[in-house]
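Visitor: what shape does this take:
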Amino acid sequence: MKNEAHSDAFKIYDGSKTRRHLVDELHAREITMPRMYDWLVTALNEHNTPVTVALTHPGFNLLDRQRLKSWQTRFYRQLYRAADLLLTDVRAAERFAA
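Guide: Next up, the predicted model:
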């Protein structure tokens, strides 16, 4: 899992022998958690709510809810790439593939 919380660049990791071994020899799958706007992370923490709940929470305006929805969709698509490894029922993840 590459977490873009602080950066979307992983120069050292991307060029590492460990990554090459994992991807080329062990056929590991990398997934990325997209970076979220700082103010959205702060708002989620202030409201003590996960992204899914925030999508309908009155403390978030329409544009921020749309940003959260877009972030969630991108993240779910990443998770779907490894759903067979992460979930016991792969069919449950199919709704995120679109």
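Visitor: centre of the chain to the lowest-mean-pLDDT helix or strand in the chain, how far?
Guide: Least confident helix or strand of the chain, by mean pLDDT, DSSP states H and E, is helix 83-86 with a mean of 81. The chain centre lies 14 Å from the centre of helix 83-86; the measure is Cα atoms, centre = their mean, to the nearest Å.
Visitor: which elements pack onto the longest helix belonging to the chain?
Guide: Scanning the chain for the longest helix, with DSSP state H as the assignment, gives helix 62-80. When contacts are defined as 3 or more Cβ pairs under 8 Å, 6 or more residues apart in numbering; DSSP states H and E, helix 62-80 sits against strand 32-33, helix 38-47, helix 51-54. To be clear about C-beta, it is placed using only N, CA and C from the backbone, and glycine gets the same treatment.
Visitor: quick one, which of those is nearest to residue 78?
Guide: When those are compared by Cβ to Cβ, strand 32-33 sits nearest residue 78, at 5.4 Å.
Visitor: what is the mean pLDDT for stretch 21-28?
Guide: The predicted model assigns stretch 21-28 a mean pLDDT of 92.
Visitor: and for stretch 63-73?
Guide: Averaging pLDDT along stretch 63-73 gives 96.
Visitor: list the buried ones in that stretch?
Guide: Within stretch 63-73, the residues scored as buried using 16 or more other Cβ atoms under 10 Å are 64-65, 67-68, 71-72.
Visitor: what does stretch 51-61 give?
Guide: For stretch 51-61, the neighbour count (16+ other Cβ under 10 Å) marks 51, 54, 57, 60 as buried.
Visitor: can you check stretch 29-38 too?
Guide: By neighbour count on 16+ other Cβ under 10 Å, the buried set for stretch 29-38 is 31-32, 34, 36.
Visitor: got a markdown table for those, with pLDDT and distance to residue 82 too?
Guide: Formatted as a markdown table, those follow (pLDDT from 0 to 100; distance: Cβ to Cβ, whole Å):
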| residue | pLDDT | distance to residue 82 |
| --- | --- | --- |
| 31 | 90 | 5 |
| 32 | 90 | 11 |
| 34 | 93 | 15 |
| 36 | 94 | 20 |
